[in-house]
Every structure is written in C-alpha cells, then in structure tokens.
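Visitor: A predicted structure for the sequence below; I have some questions about it.
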Amino acid sequence: MIGFFIALISGALMSVQGVFNTKVTESSGLWAANVFVQFTAFLLCLLEWLCFDRTSFKDVVAVEPKYFLLGGVMGAFIKLTVIKSMDALGPARAVMLIVISQLIVAYLIELFGLFGVEKQPFSWRKVIGALTAIAGFIIFKFK
C-alpha cells in the first residue's frame, strides 16, 4: 500500500516540477534551466548521501552492464522533453501523453524481459488498459 501512495506523490511532484521547469525556461533558456534543475538535484542528492548513505561510488561504477549508468544522461533529456512538451501542449495533455508512453514502454520492458527485468506473459487486460488510456487522452483532448 505504501508503494501506491509513493507513486501518487511521485506523479504529483513530476507534474508540478514540469510546470516549474517550463516557467524557469521562459525566463532563461532551455539548457540554462536544465543545468539549474540538474545542479540543484545534484546538490540535494549529495547532501542526502553525505548525511545518510555514504555508499561507495565504486559500487555505483561497478554496475553491469555499463549502459545502466546512462540514467543521469536520460534524466537530462527527460527534463528537456517534459519542458518542451508542457510548453507545446500544456501540462495536462503533456502529462497524459508522458504517462501513456511510460505505461506502454514499461509494459514492453516487462513483456520482453529487457534490461534484466523478469519477463512477464502477454496480457490482453494490460493491452486493453493501455488502449483505454489512449482513448481517454483522445476524449480529454477535445473541447
């Protein structure tokens, strides 16, 4: 049950962060805003690590396969694409499409067992759920 609430908080924070980042981009520039966002996230993570964790960075770089270390690079492009999509579509439409994309890609990762995730059997129920989300976006899109 705690995972359910954490996921709800995560989604809410992502939506608010997207709006905040888009507004910062309007007064600066796309990459300047992205640098600021990533830098402040770095500072907070560094502080948390110094105060609570202290896991060795050797453990981080020892991860295999090495392409798993690209999460930070992807994070920069996630910020970029969220800002651009919110600017172009507005927060609600952008978030709906982002969530639909996340849902479909996550299901494909599970379905094919990509990136070391345990492979799951095909489920029409999940496909129908994704199609329902797409239909919901189409209905939401029209005034």
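Guide: Cool, got the structure.

Visitor: Pick out the residue closest to the middle of the protein.
Guide: residue 78 (6.5 Å; Cα atoms, centre = their mean).

Visitor: And that one, how far from residue 48?
Guide: Separation of residue 78 from residue 48 (Cβ to Cβ, to the nearest Å) stands at 20 Å. In this view, the C-beta of every residue, glycine as well, is placed from N, C-alpha and C.

Visitor: which stretches of the protein aren't confidently modelled?
Guide: 143 (pLDDT under 70).

Visitor: quick one, phi psi at the closest residue to residue 113 other than its chain neighbours?
Guide: Once flanking residues are discounted, residue 113 sits nearest to residue 119: 3.0 Å by Cβ to Cβ, 6 or more residues apart in numbering. Main-chain dihedrals, residue 119, degrees, to the nearest 10: phi -70, psi 140.

Visitor: For residue 119, give me its contacts.
Guide: Residue 119 sits next to 110-113 when contact means Cβ atoms under 8 Å, 6 or more residues apart in numbering.

Visitor: Quick check on those: which are buried?
Guide: 110-111 (16 or more other Cβ atoms under 10 Å).

Visitor: So which of the contacts of residue 119 sit within strands?
Guide: Using DSSP state E to define strands, no part of these is located there.

Visitor: Give me the longest helix you can find in this structure.
Guide: helix 2-27 (DSSP state H).

Visitor: How far off centre is it?
Guide: Computed by Cα atoms, centre = their mean, to the nearest Å, the chain-centroid distance of helix 2-27 equals 10 Å.
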